[in-house]
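In: here is a sequence with its predicted model. Questions after.
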Amino acid sequence: MNRISQITRRDIFDILSIEDIWWAGKLDETEFLSRLYDLESMPSKDPRFSNAAGDIWQHRFNNNDWEDNWVFNDERFNLLKCEDASFLNFLCEMIHPVVRGHLHEVEKIHNIFNESLSNDGFEIVERTRISNKPVFSGRIKYTGKASIEKKGNEIKIIFNADYVSQQINLMESSIETSPYQAIGIAKELIETACKSIFKSRQEECNKNWDLSKLMRKTTKLLKLTPDDISNEAKAASAIRQILGSLSSVVQGIAEVRNEYGSGHGKDSEFKGLQPRHAKLAVGAASTLAIYLLETHEIRKDN
């Protein structure tokens with residue numbers, strides 16, 4: 001059963017029509033639709049043609065006797081009733097860099113989509129970048145989104161690296177659609193943070209260290225191990241307990257990812273990871289990465 005209602009879908013199409021936003025962008029209609037559908041295998045409404053590609057050419061380029069927004073109501077594409085994923089893919093394609101090049105227009109359309117989709121609990125988010133332009137994907141909005149995105153933005157500022165920004169965007173967008181992938185990137189985020197600290201301090205980092213050992217070496221490098229906290233420090237016992245748990249958190253993320261890996265055969269009752277598992281891993285990894293990086297910045301001259 002679809003969760004994005006026909007009311008929401010019609011609202012989006014109505015706004016696009018009122019705002020005079022051309023759905024195919026800078027492409028012609030067949031170019032745009034061919035990026036999403038196999039027009040050669042779809043039926044024709046015109047008996048003179050054998051497929052959809054033929055009658056689209058006839059009625060949009062030759063005779064031009066179909067209305068501009070015909071695709072919104074064409075039952076072959078079924079945009080008012082198709083699966084949520086197909087509908088979201090259509091919207092995302094409308095703001096793809098190949099389709100639409102002006103970022104201010106992309107931002108405007110992106111906002112239109114998300115304002116309407118939020119009524120049904122969905123959103124469109126940046127997944128990656130091509131030539132420094134955003135590529136989007138649709139997903140269910142998840143609880144704790146604002147907190148996780150805030151952490152991601154903090155890490156992007158600290159790293160100031162395109163690679164890390166893309167990884168964080170992918171991690172956030174994968175929570176609902178691909179929890180395993182989100183957890184894998186969460187693990188990689190911690191590895192990246194630790195290795196960046198070693199590199200910045202011009203210290204040797206052994207590539208054969210597993211995540212747990214890498215974490216232990218990093219906390220030792222930053223003088224964050226429990227032994228480095230003096231008894232005189234305020235709340236020393238609590239600080240020791242928190243820091244002593246850091247490696248356990250990291251190890252847990254690594255083990256969860258390995259346990260649910262796709263490389264091993266599973267029995268018929270196997271159930272994969274759920275978004276709630278990914279939220280836990282992403283939240284923990286983001287918090288830990290920020291803590292390590294901020295501590296490094298504060299203590300890098302020590």
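Out: Thanks, I have the structure now.
In: hang on, isn't Val98 packed against Glu31?
Out: No. Using CB atoms under 8 Å, Val98 is not in contact with Glu31, being 9.2 Å away. C-beta coordinates here come from the backbone N, C-alpha and C atoms, glycine included.
In: which residues do these two both contact?
Out: Taking CB atoms under 8 Å, 6 or more residues apart in numbering as the criterion, Val98 and Glu31 do not both touch any residue.
In: next, the buried residues of stretch 187-198.
Out: If you call a residue buried by 16 or more other CB atoms under 10 Å, then stretch 187-198 has these buried ones: Lys187, Glu188, Leu189, Ile190, Glu191, Thr192, Ala193, Cys194, Ser196, Ile197, Phe198.
In: do the same with stretch 41-54
Out: The neighbour-count check on stretch 41-54 (16+ other CB under 10 Å) flags Met42, Ser44, Phe49, Ala52, Ala53, Gly54 as buried.
In: residues in contact with it?
Out: Residues contacting stretch 41-54 (CB under 8 Å, 6+ apart): Thr30, Ser34, Tyr37, Leu39, Glu40, Asp55, Trp57, Gln58, His59, Arg76.
In: and stretch 114-132, by the same measure?
Out: Contacts of stretch 114-132 with the rest of the structure, by CB under 8 Å, 6+ apart, involve 3-5, 8, 11-12, 15, 84, 88, 91-92, 95, 97, 110, 113, 134-141, 162, 165-166, 169-170, 172-173.
In: of those, buried ones?
Out: Buried among these (16+ other CB under 10 Å): 4, 8, 11-12, 84, 88, 91-92, 95, 97, 110, 113, 134-140, 165-166, 169-170, 172-173.
In: out of those residues, list just those in strands.
Out: Members of these lying in strands (criterion: DSSP state E): Pro134, Val135, Phe136, Ser137, Gly138, Arg139, Ile140.
In: tell me who's in contact with the last one.
Out: Counting by CB under 8 Å, 6+ apart, Ile140 touches Arg3, Gly121, Phe122, Glu123, Glu176, Pro275.
In: hmm, the last one is touching Pro179, no?
Out: In other words, Pro275. Yes. Between Pro275 and Pro179 there is a contact at 5.4 Å, judged by CB under 8 Å.
In: pull up the overlap in contacts between those two.
Out: Counting by CB under 8 Å, 6+ apart, no residue touches both Pro275 and Pro179.
In: which one of these two has more residues nearby?
Out: Neighbours per residue (other CB atoms under 10 Å) separate Pro275 from Pro179, with Pro179 holding more: 22 against 19.
In: pLDDT at that one, what is it?
Out: Looking at Pro179, its pLDDT reads 81.
In: so it sits against Val282, correct?
Out: No. Contact criterion CB under 8 Å: Pro179 and Val282 do not qualify, at 9.4 Å.
In: pick out the residue nearest the middle of this structure.
Out: Ser173 (2.1 Å; CA atoms, centre = their mean).
In: what residues does it make contact with?
Out: Per CB under 8 Å, 6+ apart, neighbours of Ser173: Val125, Glu126, Arg127, Ser137, Arg139.
In: closest to Trp70 out of the buried residues of stretch 41-54?
Out: Taking CB to CB as the measure, Trp70 lies nearest Ala52 of those, at 11.7 Å.
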